[in-house]
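Asks: okay, structure incoming, though there's no sequence with it:
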C-alpha cells in the first residue's frame, strides 16, 4: 500500500514535467517550421576572374534553404557600398527558385562596364581590397546573400591541415569534340555533300567500321592511318557514296603530342593507415608550416646564416624522430 502511494506521488510529480517537456518540444517544432516556411534564406557563392583586362564574375551558385519558393527578378554583385553589377535580368520571365533548389550559371567576360553613357573602371573595387556581395531583387524586396556556400576541396585540406591529402584528377583526351579513350587509335571524319559530318572512333580491337552499314576490318587496315584511309576510300567508292572529304586522324600520335612531356613519371599510391594519416599528417603539416615561417623570417631579418642552419637542422631531426615513433606504433 505504501509503495502504491509513493508511485502515485511520483506520477503526480512527473506528469506536469512530462507535459511541460511535450509542450516545449511542440513549441520548438512549430517555431522551426515557421522559420523554415517564412521569409527568404538564400546562400550563395561566386567566382571573380581577374586574369583579363576587365575583371568579371565567372560563375555564381545560389541555394534556397527555405521550404518555400523565392521569385527572383534580378541578380547583382554589389561592390563597395554603392555599385551594383547586373548579372541576371529575369524581369520578363522571373526566376522561380523552388524549395531547396540550386541555381547556377556561368558568364563570359564583358567588353567593359558602363554607368549611364560613360565607362566605369571597377578593377580596384573588384580586386582583393573591395567589399563584394551578391544581391537579389525578389518579390519581397532587396535581399543580400549573407551566407556563402562553404565548398570543400581536397587542396584546401592539403594546404591548411593535412599535407598527406592528395587530389587525384582523371585525365581524358578529347579531339574534335569526341572522347577518345586509350584503346581508340583512329578517328574517321567524313564530310558529306550536304555538309553533314560523321565522326567514328576505331579501337584496336574493332572488327567492323560502323560507317554506312559497316565495313569489315583486319589487322592490315589498322597498321597505319594511310592504309585505313585508302581502304575506306575504296569501300565508299564501291558503294557509290558521295562525300566532300574523308580524313583519318592518328589518335595515338595526337594524344602523345597533346600530353607532351607531362605525365611521363608514374608512381604507385601508398596506403596510409589511420595513425599515419590522422596523426602523422597534421603533425608534419604543422612542422612544414613552421619551417616555412622560419625561412620567411630569416629572409626578412639580418640574422646570421649559422643560426638559420641550426634551426632548420633541429626541425628536420624532430620531424624525423616523430616519424620513426609513429612508424614504430604502427
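Replies: That came through fine. What you see is a predicted model; the values in this text were computed from it and never measured. Numbers count the residues shown, from 1 in each chain.

Asks: the helices in this structure, which residues?
Replies: Using DSSP state H, the helices of the chain run over 2-37, 154-160, 225-238, 251-259, 274-275, 281-300, 305-329.

Asks: any stretches of the stretch 51-200 of the chain with poor pLDDT?
Replies: 128-130 (pLDDT under 70).

Asks: care to break this protein down by domain?
Replies: 42-144, 173-259, 274-329 (automatic domain parsing).

Asks: dump those to TSV, plus mean neighbour count.
Replies: From N, CA and C alone the C-beta is placed, and that goes for glycine too. Output for these, formatted as TSV (neighbours: other CB atoms under 10 Å):
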stretch	mean neighbour count
domain 42-144	15
domain 173-259	14
domain 274-329	13
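
Asks: flag the shaky bits of the stretch 201-330 of the chain, pLDDT-wise.
Replies: Using pLDDT under 70, the stretch 201-330 of the chain drops low at 210-214, 298-312, 319-330.

Asks: report how many residues lie close to residue 24.
Replies: Counted with other CB atoms under 10 Å, the neighbours of residue 24 add up to 10.

Asks: measure it to residue 30 for me?
Replies: Using CB to CB, to the nearest Å, residue 24 is found at 11 Å from residue 30.

Asks: so who does residue 103 touch?
Replies: Neighbouring residues of residue 103 by CB atoms under 8 Å, 6 or more residues apart in numbering: 61-63, 95, 97.

Asks: so who does residue 202 touch?
Replies: Here residue 202 is in contact with 184-188, 209, 217, 222, 228 (CB under 8 Å, 6+ apart).

Asks: which parts of the stretch 101-250 of the chain are strands?
Replies: For the stretch 101-250 of the chain, the strands defined by DSSP state E, counting those that start in this stretch cover 102-106, 113-115, 118-120, 132-138, 141-144, 173-175, 178-180, 184-192, 197-203, 208-209, 215-216, 243-250.

Asks: circling back: please convert the domains of the chain to CSV, extending it with distance to residue 268.
Replies: CSV is the format used below for these (distance: least, CB to CB, whole Å):
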stretch, distance to residue 268
domain 42-144, 35
domain 173-259, 19
domain 274-329, 16
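
Asks: so which of those comes closest to residue 15?
Replies: Of all the domains of the chain, domain 42-144 sits nearest to residue 15, with 34.6 Å by CB to CB.

Asks: how distant is the closest one from the center of its chain?
Replies: 20 Å (CA atoms, centre = their mean, to the nearest Å).

Asks: start and end of it, how far apart?
Replies: 9 Å (CA to CA, to the nearest Å).

Asks: again with stretch 136-148
Replies: Stretch 136-148: ends 14 Å apart by CA to CA.

Asks: need the contact partners of that stretch.
Replies: 39-40, 42-45, 62, 70-76, 78, 94, 133-135.

Asks: what do you get for stretch 225-234?
Replies: Contacts of stretch 225-234 (CB under 8 Å, 6+ apart): 186, 188, 202, 209, 211, 215, 220-222, 246-250.

Asks: save these as TSV, and put in distance to residue 157 too.
Replies: As requested, the contacts of stretch 225-234 are exported to TSV (distance: CB to CB, whole Å):
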residue	distance to residue 157
186	42
188	45
202	42
209	48
211	49
215	52
220	53
221	51
222	46
246	51
247	46
248	46
249	41
250	41
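
Asks: and those residues, which two are furthest apart?
Replies: So, the contacts of stretch 225-234 by CB to CB: farthest apart are 220 and 247, at 20.4 Å.

Asks: measure residue 238 to residue 264 for me?
Replies: Distance from residue 238 to residue 264, by CB to CB: 44 Å.

Asks: please disregard the earlier target; I meant residue 47.
Replies: Taking CB to CB, one finds residue 47 at 32 Å from residue 264.

Asks: now residue 201
Replies: Counting by CB to CB, the gap from residue 201 to residue 264 is 25 Å.

Asks: again, but for residue 228
Replies: 28 Å.

Asks: cool, and residue 40?
Replies: 53 Å.

Asks: again, but for residue 81
Replies: From residue 81 to residue 264 the distance is 53 Å (CB to CB).

Asks: okay then, goodbye and thanks.
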